[in-house]
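In: Following is a predicted model, sequence given first.
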Amino acid sequence: MTAMKSALAVLGLMVAAPAAYAAEDCGDVTLAEMNWASAGLAAWVDKIILEEGYGCDVALVTGDTVPTFTSMNEKAEPDIAPELWVNAVKVPLDAAVAEGRIVIASEILTDGGVEGFWIPTKLAEEHGIKTIHDALEHPELFPGAEDSSKGAFFNCPSGWACQIITQNQFIALDAEEKGFELIDSGSAAGLDGSIARAFNRDEGWLGYYWSPTAILGKYDMTKLDLGVEHDKESWDNCTVVNNCPDPKLNEWSRSDVFTAVTKEFADNNPVTMDYLGKRAWSNATVNELLAWMGDNQATNEDGAYYFLENYPEVWSAWLSEDVAAKVQDAL
């Protein structure tokens, strides 16, 4: 993280420098459109603003955290990764920043990425449930297990790192002994469907989820306190390890979510770096946008235009008055 703070300090000097380049000098830009909703939305917001406001010619390329970072680090392409979840590539990213191959432009999610165990807020308030231990005292409130005498505890989608983490947390909590069954959600769609079904039936739901997401924009959920701090050593050596023999309950760390750019792009585009350095939004805003996209079966492009048309107070703060006017005229 020291390397990243140094990079942000360097960025501060860069964006404070005179804007010596005209918008027309932006040229060709490659931008990663990651394969999850919030990142895809961010990519399209950047594409529209960079093209309409700064005269860039933006090409979107399909991305995912590890392959996109690896390509930027080794080949200096794409130029921009709008939403890079740092925890997945922290050690090599720190090295890339320290060695001058990648620059951290901004923290795009001001709240960071949030993971944990959630229940419907209505249920939490009705039964005074604030912690995971409170919830585990009431298996009868959480239907959905194959054994109807047990409560359902929904796991993270199959194949995701959080599947192993949730399984270890479930064991650490002695949740099976407390009357719960760990339910394999199968996929992100399956997990979302279980939440939607619970709300439609006005039933309880307990399990793993994360923010920002469309689901948390649509349904009022409360993240439960685990009652422990994050222990990095235990996390790295057990919590994330499949079949760890003696897992301990461990709070998720806040996930830093940054916009990363190649050093070459940062050096050659001080004006657009000024934009990227200011461009950030809250999880609440993203949740609202993703919920709208889900309800309207909207694409990332649709969501970006909806955001630009309906949240001018957010994006105009990222831009100078003349650039904001160009974007507004383009809408």
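Out: Done, it's in.
In: Just list whatever residues bridge to the residue nearest the centre of the chain.
Out: Compute the mean C-alpha point of the chain, and by C-alpha atoms, centre = their mean the closest residue is G113, 4.6 Å away. In this entry, G113 is beta-bridged to S255, by DSSP bridges.
In: doesn't R254 make contact with it?
Out: Yes: assessed by C-beta atoms under 8 Å, G113 is found in contact with R254 at 7.4 Å. All C-beta atoms are positioned from the backbone trio N, CA, C, and that covers glycine.
In: Tell me which helix or strand E51 sits in.
Out: helix 37-54 (DSSP states H and E).
In: Just the C-alpha atoms of the helix or strand just after that helix, please, in CSV.
Out: Using DSSP H and E, the helix or strand that follows helix 37-54 in sequence is strand 57-63. Provided in CSV are the C-alpha atoms of strand 57-63 (Å, rounded to 0.1, in the frame of the first residue of the first chain):
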residue,chain,number,x,y,z
ASP,A,57,-11.1,7.7,-29.5
VAL,A,58,-11.9,4.9,-27.0
ALA,A,59,-11.8,1.2,-27.7
LEU,A,60,-13.3,-1.2,-25.1
VAL,A,61,-11.6,-4.5,-24.6
THR,A,62,-13.0,-7.4,-22.6
GLY,A,63,-11.3,-7.8,-19.2
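In: Mind checking the pLDDT average for strand 57-63?
Out: Across strand 57-63, pLDDT averages out at 96.
In: I'd like the next helix or strand past that strand.
Out: Next element after strand 57-63 (DSSP H and E): helix 65-75.
In: Please spell out which residues along that following helix are buried.
Out: T65, T68, F69, S71, M72, N73 (16 or more other C-beta atoms under 10 Å).
In: Skipping its backbone neighbours, what lies nearest the first one in space?
Out: What sits nearest to T65 in space, not counting adjacent residues and going by C-beta to C-beta, 6 or more residues apart in numbering, is A88, at 4.8 Å.
In: Measure how buried that neighbour is and give me the count.
Out: 14 (other C-beta atoms under 10 Å).
In: right, and it touches V66 too?
Out: Yes: if you go by C-beta under 8 Å, A88 and V66 touch, sitting 6.5 Å apart.
In: can I assume T213 is in contact with L289?
Out: No: in this structure, T213 is not within contact of L289 by C-beta under 8 Å, at 10.8 Å.
In: Next one, pLDDT for D79 please.
Out: 97.
In: Pull the contacting residues for it.
Out: V29, T30, L31, V261, T262, E264, F265 (C-beta atoms under 8 Å, 6 or more residues apart in numbering).
In: Show me what counts as buried in stretch 249-262.
Out: L249, N250, E251, W252, S255, D256, V257, F258, T259, A260, V261, T262.
In: from those, which has minimum pLDDT?
Out: Comparing these by pLDDT, S255 comes last, at 85.
In: Would it be right to say that A105 lies in a strand?
Out: Yes: judged by DSSP: H, G, I helix; E, B strand; the rest coil, A105 forms part of a strand.
In: Enumerate every residue touching it.
Out: A105 neighbours (C-beta under 8 Å, 6+ apart): L11, I80, F258, T259, A260, V261, A266, M273, L276, G277.
In: now those residues in TSV, with distance to D220 and secondary structure?
Out: Shown next, in TSV, are the contacts of A105 (distance: C-beta to C-beta, whole Å; DSSP: H, G, I helix; E, B strand; the rest coil):
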residue	distance to D220	secondary structure
L11	37	helix
I80	34	strand
F258	29	strand
T259	29	strand
A260	33	strand
V261	36	strand
A266	40	helix
M273	38	helix
L276	33	helix
G277	33	helix
